[in-house]
Structures are given as structure tokens and as C-alpha cells.
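[1] fold the following.
(2 chains, ligands or ions: 2)
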Amino acid sequence: MEEKVTQAAPGAAPQKPKKPLPKSRIMVGEQLAKLYQDTIDAKARGEKIGWSASIFPQEIAEALGLYIVYPENQAAGLAARHQSDDLLAHAEAAGYNMDICSYARTSLAYMDTLTAESNNMPKPDFVLCCNNICNQLTKWFENLAHQFQVPMFLIDTVYNYDPCASEEKVKYVRAQIDDLIHGLEEISGKKMDYDKLTEVMRISQRNKDLWREANELLAAKPAPLAGFDLFNYMSCMVCNRGKESTTAVLEQLISEIKENIAQGKSTFPVEEEYRVFWEGIACWPYLGHTFKTLKKYGINMVATGYVNAWGLEYEPGDLDGLARAYIDLPNNNNNLETVVARRIEAHKKFQVDGTIYHVNRSCKVMDCQQYETQRRISEATGIPFTSFDGDQADFRAYSEAQYETRIQGLVEVMEQRKKEREGGKG
Amino acid sequence: MDIQAILSQLSFAAENPRKMLEEQLAQGKKVVGCFPSYTPEELVDAAGMVPFGVWGAQMEPYLAKKYLPVFACPILQSSLEMGLSGKLDGLSAVVIPTLCDTFRCITQDWLAGVPHIPMIPVSYPQNRTDAGIRFLRSEFAVVKGKLEEVCGHPITDEDIKKSIRVYNEHTAVMREFTAVANEHLDIIDPVMRHHVMKSAWFMPKAEHTRLMRELVTALKATQPTCFKGRRVLLSGIAAEPDSLLQILTDNNVAVVGDDLAQESRQYTAPIPEGQGDPLLRLAGKWRGQLCSLAHDEGKGRVDMLVDMANVTSADGMIFCQMKFCDPEEYDYPLISRALKEIGVPTLCLEVDQQPGSTEQIRTRLQTFAEMLG
Ligand code: SF4
Ligand code: SF4
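    Ligands and ions are numbered 1, 2, ... in the order given. From the prediction side, this is the model:
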């Protein structure tokens, strides 16, 4: 299974798959390659193309028929294929501190070189940024816009220290969406067709439901899929979530998972001894190692923060609802109470035996309240946890030995608890 | 008062925040902690309470490690540590702006770890359009309501208008000081300049304004001196500790301008004048703020620093990079490139609040000073 992961995830050197890839995997790979190529072609035709943050209201550009590529996806893909090391060095030589998010460093280096071993993106005519996952994006995209001398559209969602967005905040974000529509109309010379926008919103809603359904099928015990497999489909939601091609990919994936369930099969290659929740981004450069170490102990990662990372709920056509969804969805934009409540629910739903926290050196917003989050979730659920130091795209911040030791420690506690449970039954 | 007497009062305030806090408490005043870099201090003042800067301290975090990884910035590490260890007891509340990623989290860590000091969060909009400023006004209205609970009485529009006047006067005198200080670089050396600027955080504004007026008048009455050494600008969040600035003095380097969040960045724009809604006027100040923490598509901060270097005839700039402060880390390459283009070299120094030796910094600063000629 890890071969599949390493090959497909935006990750890792291609290796020979043992089994043929499932159809959905071929579809998602083709879909992503097409997006990069279509964007290059559009640029060559003289169309205006953009670079966007991952949880930006893509509905607007999609409805205007604009081609958009995603630096976070680019950086993750390059990291997983071990193709970003030179770019990281380039960024540091240009004066960017190693402390900065490694996605940003990769991208800010690419901004200079416009050359990478894969995932090449043409120079943007505008950039789209939404800071609902972090403020580093604001700074990163500012630098892109400044270097390329192109307009930047920032959707500023403002941190929710209260449980959900106030009406005032929704008004503010809605005004920004209106500005975005007008700005993109002006740049592209196209006029917004509001029926088309409603249709894109409808497709996006459908895709959101399908993504959630696919993820939630892993609640079955044992899970019909190795959780790491789902990393391979994230590009659907990051880069293509307003497109019907994503509906097709996810429907195919769901039918494959359901088939596994019907046949009592799983893509997890060994017996599922333990089920864990993974908090934080994957370590793309070490996807193989993180997976293999878990597999050794029969640990399947059945749930991650990605389960609901694109669960943007709104009524098609309702732009206030769109604004609210982009404010309220991302965990990073929400206060601790909200995040903890969501996580506790997921821990229960997926019947996990443990939690693995990635203390991601890149990402202060995910780390600086994580210790309290760990304590609260563990206290509320009684589920043990471990954490390890890593980084989503900088190979220097991860230690294989530390990861192995931490996982081993978690297994010991999970094993003990399992014995107690079984003893209790007997 | 003569210049030295005023300066020693200001130095005392800068060096002894806790004593300043106790002095206010002893007078029966309520004091509200204001985290960097922007909080609507004017509302605290309007409530008849004393705003008090929370800028961390030179200390090794111990209790804060329960909440923060090592790579959270030292200001928030030590500020949280102070809260957790009781060193901020006496504050009636703290106001925390959610300006960066670490700040978002600190609001939550504070709630969990320091429940005995109420926390008032405030979110500043990054798009400073009319809609953004209206949103900020609504945030300030919420903060005002929470401060009213703390002080126990309503804050009227008149109170706010009065505070706006106090703050605008303060801004004006601080700007006057930084201008006149450059004619007296023998008296206002880097450490003294820092003390004067920092002291503003730990005194009621009207009192600070009064002292600053006296200082400016006294400086103006003194024969200007012609400084023979090298002139630098400082940029960053804060230039600390004093030992770092002392190295500048030791090497005959003066500070002739700054864009430090703790110092001049506070005073770049006055609160808009006018008779309208005072909360909206207060919010209007945010519109013009040039800062790594305020979205700036045109990178106006870079141009502003280039202008400052030209106007002050600076020989170089020292970028005081607060350790692990990512908003500043993104701006640095652009600033250093732009200054290089006008022939102003930049030195990037890492600023930490944990006790440690400044010896390595000394060597780097010496080399930099020599390079400036
Ligand atoms: S990894 Fe963290 S810091 Fe980097 S872009 Fe994502 S949310 Fe922001
Ligand atoms: S802006 Fe920088 S110094 Fe200030 S709290 Fe954030 S990381 Fe710390």
C-alpha cells in the first residue's frame, strides 16, 4: 500500500505499484495533470490566470471560467517527490528565514525561478488569498503580488475568537466577495453570470458531501481503506472542488470503497489492530516512513483533520452564506472550544484508539494551542495520544528515530488499554 | 526639571514596569494589560483605567512550555509566562489582538491558563476598506462593552473624544521627540532613546505627554550637537535588551529613526480629526498603519523605510528580527533589497528575550559599524 501512497500522493519518488491502481486514482491523477496543463495553455492563449490559497472561495473564479493553480498543492507535491530541497535553499539564500512555513518558502523560491522539476505553474496575472487558515498566507501572497506586480485579492475572514462569525463579520467578508467579483470581472474582461455561479456552488456542495461521505466510510471497523490512501484525493478538494470532474472522481472512489466493504476487503495491507486520528498536515517528504511505521504495528490512520476540511456548507446562490462558510469552517480560524468539540465528535465517530499530533515546525497556528487541545481531547475521551516533531515540506525537521519511538510508546498504551478492555469483557 | 531628571524618570518607567503597575494600583486605579502591537488603548483610558503594555520580559519560559512549542516568539512566551506565574496579577483584564498566528492561539492559551485575568480579544481587519473599518468599529464597540463591565460604568462618547485628544497629543509629542532627538545624539543615545520610547507603555498617557513636552522643550533649549559617528535606523518589533543597544553606543553608532512596533510604529498616524462617531474615528487610525501586521499589498512599509533612510541620512539599518516572528520575516528580504538599492546596508539581528550573552551580537555589530565607515 505504501507504494501506492508514495507514488500517488503528491508524494514521493514513483515506484512500481504492486497492484494496478484503482480507477479513481487514475482519474484524480489525470484531473490534476490536466489542471496544470490547462492553466499553462490558457496563459499561452493570453488568458489571465491566477494563483490561489487552498481554502479560498474558488466559486467566483470557477464561475468566471478562470484557470487557477494552487501554490500549496504545488509545494506539497514537490516536497513529496523530494523536489523542493533546492527551492528551500534558494528561498533561504534570498533572505527568507527558515522559520517561515515551508510551503511559503518553496513558493517564494519558485516565484524567482519559475522552474521546478514538476507542477510548473505559469506566472500569475492575479493572486487570490484567504487567511482563514493562517496569517502567513497573507504575508506570503503579498510578496508574490509585489514581485509579480499583479493585483492581490485578499479575503480576510478574521479569527473567530467567539464560537462563530458575527453578523458584522459576515457583512465585512461579503463586501470583500463583491469586490472580488468586480475585480476579477475587470481583470478578465468577463461578466459574472450569476446562474453559472449558483451552478458552481451547487456542484461544490455536491463535492463537499461526497468528500465527507468517502471519509466517513472509514468509520467502519475495520476500515475499508488505508487512511493514507485518501491523501491521494486531496487535490480534488484543494484544486478542483467546483468542478464536475471531481464529482466523477469521488463517486468512483466511493463505489470502490463500498465494494471493499461489500467484499469485506480493505486496502490497508495488514490486519487493523489499532485505529488512530492524525492531527495536522502529513509529512510529505516522509510519507513512506510515517506510513510504514504505523503499518508495522497494524495502525490504520482512519481519520484526519482533512475529513471535514472542505465541509463548506451554504445554499447555492447565497453569497452571505458563502462568506459565513469560509469564515466558520477552518479549524485554524476557530477558537479552542470549537476545535475541541469537533475533534471529540470525530474521535468517537471513527472509534479511534489513539491520536497522533504532528508538531509541524512550519505551522504556528496549528501548534501554538495544540498542547491544550491534546489535554482537552484526551481528558474528554480517555484516548491516549502522542506527538512528534516534523514539517510538512522541509525534510530537515523530521527524525525517523523520534517518530518510531513515539509511535512505539503510543502502541504500548493502546495495547494496555486493549488488554484491559478485553479482560473486562472476559 | 532638567533634562537628566526627566530622562531618569522615563528610564525608570521603562526598566521597572512592575513597579509602575504597583504605583497605579496603589492609587486605587484599575489597570488593563495591552498586548502588542495595537489595541484600542484609548478606550481603556476613556474608561478611567490605565492601559499598561505587556511586552514580555527577559526571562526563561518555564510554565509557558505547557502551552507553547519552543518556536513561539519570545514576547508571547514570556508574556504568557508572566500571566501564568502571577507576575501580571493586579491587572483587571488584558486586551489581546489576534494579529498573527501565534496571537490567535495565545488568546486561547490565556483563557485556559490565566483564567483569573479576564481576556478581551480584538480582531483587526486586514482589508482596510470602508467595510473593513466599519467592521473594526464593531469590534471596538464589543471591546468597549467588555471594558465597561471591568470598570463598572458606561464609557460615553465624550469620554472617548477626550481620550482621542489625549492620544493625538501624545502622538504629536512623540514625533516631535524623535525629530529633535536627532540634534542631540550625545544626550539621546540608543539606550536612552529606547527608554524614552518604551516608557510610554507604562504610564498614563496624559502624564507621559506632560513629561515628554518638558523633555522636548528642554532639548530644544539646548545647543544642538553635531554627531560624528554613524547613523542607523532600527526596524522590527522591538530592539532589546539594552545591552544590544549599548554596543551601538560603544561603537559610536546612533539611532536616528525607527520603525519598531514598540516605538515609532505606534505614532505613524494620528486618529482622524472630526466631530463624527468617535469609535469610527478610532477605527480610522488603522487605515493608514504601515506594519507587517497590517495587509499592505503595495508594501508601503518598504517605501516608508527608504524615505526614512533618505530623510535621516542614515548610513545603515539594523533589522531587529524578533525570534520566530513570521510577519516580520516575510518583510525583511524586501526591505533589505530596497535599502541596498539606495546604498544603505542592512544587518539582520535576531532579538531574543531569553537571558543570554550578547557577545556574538557585539562582534556582528562591530563589523557592521566598521563597514559603515
Ligand atoms: S502550513 Fe500552516 S502556516 Fe503554512 S500555509 Fe498552511 S496553515 Fe499556513
Ligand atoms: S507579531 Fe511577531 S512578535 Fe508579535 S506576537 Fe506575532 S510573532 Fe510575536
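[2] in a helix, that's where residue B:93 is, yeah?
    No: with the criterion set as DSSP: H, G, I helix; E, B strand; the rest coil, the secondary structure at residue B:93 is strand rather than a helix.
[3] write out the residues of the stretch 301-426 of chain A neighbouring ligand 1.
    Within the stretch 301-426 of chain A, the positions near ligand 1 by CB under 6 Å from any ligand atom are A:332, A:362-363, A:365-366, A:392. C-beta: built from backbone N, CA, C; applies to glycine.
[4] quick check: closest non-adjacent residue to the closest residue to ligand 2 within the stretch 201-350 of chain B.
    Taking CB to the nearest ligand atom as the measure, the point where the stretch 201-350 of chain B comes nearest ligand 2 is residue B:325, at 3.1 Å. Leaving aside its sequence neighbours, residue B:325 sits nearest to residue B:73 (CB to CB, 6 or more residues apart in numbering or on different chains; 4.9 Å).
[5] pretty sure the one you found contacts residue B:327?
    No: with contact defined as CB atoms under 8 Å, residue B:73 does not reach residue B:327; the gap is 9.8 Å.
[6] the residue of chain A found nearest ligand 2: how many residues sit nearby?
    Relative to ligand 2, the nearest point of chain A is residue A:364 (7.6 Å; CB to the nearest ligand atom). Counted with other CB atoms under 10 Å in any protein chain shown, the burial measure for residue A:364 works out to 29 neighbours.
[7] that one contacts residue B:71, correct?
    Yes: with contacts counted by CB under 8 Å, residue A:364 reaches residue B:71, the gap being 7.1 Å.
[8] mutual contacts of those two, please.
    residue B:324 (CB atoms under 8 Å, 6 or more residues apart in numbering or on different chains).
[9] what is the lowest-pLDDT residue among the residues of the stretch 301-426 of chain A next to ligand 1?
    In terms of pLDDT, the lowest of those is residue A:332, showing 87.
[10] from what I can see that residue touches residue A:134, true?
    Yes: the pair residue A:332 / residue A:134 is scored as a contact, 5.7 Å apart, by CB under 8 Å.
[11] overlap in contacts, these two.
    Taking CB under 8 Å, 6+ apart as the contact criterion, the residues that touch both residue A:332 and residue A:134 are A:365, B:101.
[12] quick one: buried residues of stretch B:131-142?
    With burial defined by 16 or more other CB atoms under 10 Å in any protein chain shown, the residues of stretch B:131-142 counted as buried are B:131-140, B:142.
[13] where is the longest helix in chain A?
    Using DSSP state H, we find that the single longest helix of chain A is helix A:400-425.
[14] so what's the residue of the stretch 301-426 of chain A at minimum distance from ligand 1 up against?
    Closest approach between the stretch 301-426 of chain A and ligand 1, counting by CB to the nearest ligand atom: residue A:363, at 3.2 Å. Contact partners of residue A:363, counting by CB under 8 Å, 6+ apart, are A:101, A:134, A:280-281, A:392, B:101.
[15] quick one, phi psi at residue B:290?
    Residue B:290 adopts backbone torsions of phi -100, psi 120, taken as degrees, to the nearest 10.
[16] that one reaches residue B:301, doesn't it?
    Yes: the pair residue B:290 and residue B:301 qualifies as a contact (CB under 8 Å) at a distance of 4.5 Å.
[17] with neighbour numbers in mind, choose between those two.
    residue B:301 (22 against 18).
[18] hang on, that one in a strand?
    No: with three-state DSSP as the criterion, residue B:301 is located in helix rather than a strand.
[19] that one is in contact with residue B:335, isn't it?
    Yes: with contacts defined as CB under 8 Å, residue B:301 counts as touching residue B:335 at a distance of 7.3 Å.
[20] please enumerate the strands of the chain.
    By default, I'm working from chain A. A:49-52, A:67-69, A:126-130, A:152-155, A:274-279, A:299-304, A:354-360, A:385-390 (DSSP state E).
[21] please go with chain B instead
    If DSSP E is used as the criterion, the strands of chain B fall at B:31-34, B:50-53, B:91-97, B:119-122, B:230-236, B:253-260, B:316-322, B:346-351.
[22] run me through the strand neighbours of the longest one, direction for each.
    Based on DSSP bridges, the pairing partners of strand B:253-260 within the sheet are strand B:230-236 (parallel).
[23] for the strand it pairs with, what is the distance to the chain centroid?
    If you compare the mean C-alpha spot of strand B:230-236 with that of the full chain, they lie 16 Å apart, counting by CA atoms, centre = their mean, to the nearest Å.
[24] that strand and ligand 2, are they touching?
    No: interface with ligand 2: strand B:230-236 contributes nothing (CB under 6 Å from any ligand atom), its closest point being 8.9 Å away.
[25] now swap in stretch B:261-268 and tell me
    No: with CB under 6 Å from any ligand atom as the threshold, stretch B:261-268 lies outside contact range of ligand 2, at a closest distance of 7.1 Å.
[26] can I get stretch B:337-356 in CSV? Just the C-alpha atoms.
    What follows is stretch B:337-356, C-alpha atoms only, in CSV (Å, rounded to 0.1, in the frame of the first residue of the first chain):
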residue,chain,number,x,y,z
ARG,B,337,16.8,44.7,-1.0
ALA,B,338,15.2,48.1,-1.3
LEU,B,339,17.6,49.7,1.1
LYS,B,340,20.6,48.1,-0.7
GLU,B,341,19.4,49.7,-3.9
ILE,B,342,19.8,53.1,-2.4
GLY,B,343,23.2,52.2,-0.9
VAL,B,344,22.0,51.6,2.7
PRO,B,345,23.3,48.3,4.1
THR,B,346,21.2,46.2,6.4
LEU,B,347,22.1,44.0,9.2
CYS,B,348,19.6,41.4,10.4
LEU,B,349,20.0,40.7,14.1
GLU,B,350,18.0,38.1,15.9
VAL,B,351,16.3,39.5,19.0
ASP,B,352,15.5,37.2,21.9
GLN,B,353,14.1,37.8,25.3
GLN,B,354,15.7,34.8,26.9
PRO,B,355,18.7,35.7,29.1
GLY,B,356,21.9,35.1,27.2
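[27] in it, what counts as buried?
    Going by neighbour count (16+ other CB under 10 Å), the buried part of stretch B:337-356 is B:338-339, B:344, B:346-353.
[28] what does stretch A:177-189 give?
    Using 16+ other CB under 10 Å as the test for burial, stretch A:177-189 gives A:177, A:179-181, A:183-184, A:187-188.
[29] go on, stretch A:123-135?
    Judged by neighbour count using 16+ other CB under 10 Å, the buried positions of stretch A:123-135 are A:124-135.
[30] of these, list those near ligand 1.
    With CB under 6 Å from any ligand atom as the criterion, the subset of these in contact with ligand 1 comprises A:133-134.
[31] picking that back up, Throw the buried residues of stretch B:337-356 into a markdown table and include pLDDT, thanks.
    Formatted as a markdown table, these follow (pLDDT from 0 to 100):
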| residue | pLDDT |
| --- | --- |
| B:338 | 97 |
| B:339 | 97 |
| B:344 | 97 |
| B:346 | 97 |
| B:347 | 97 |
| B:348 | 96 |
| B:349 | 94 |
| B:350 | 93 |
| B:351 | 91 |
| B:352 | 89 |
| B:353 | 76 |
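[32] closest one of the residues you listed to residue A:198?
    Comparing these against residue A:198 with CB to CB picks out residue B:338 as the nearest, at 45.4 Å.
[33] and the closest residue in space to that closest one that isn't next to it in sequence, how far from residue B:99?
    With sequence-adjacent residues excluded and distances taken as CB to CB, 6+ apart, residue B:338 is closest to residue B:302, at 4.8 Å. With distances defined as CB to CB, to the nearest Å, the gap from residue B:302 to residue B:99 amounts to 19 Å.
[34] in terms of neighbours, single out the busier of the two.
    Here residue B:302 and residue B:99 are compared on neighbour count by other CB under 10 Å; more neighbours surround residue B:99, at 25 against 19.
[35] OK, contacts around residue 181?
    Went with chain A since none was named. By CB under 8 Å, 6+ apart, the neighbours of residue A:181 are A:60, A:192.
[36] wrong one, chain B
    The contact partners of residue B:181, taken as CB under 8 Å, 6+ apart, are B:188, B:193, B:196, B:219.
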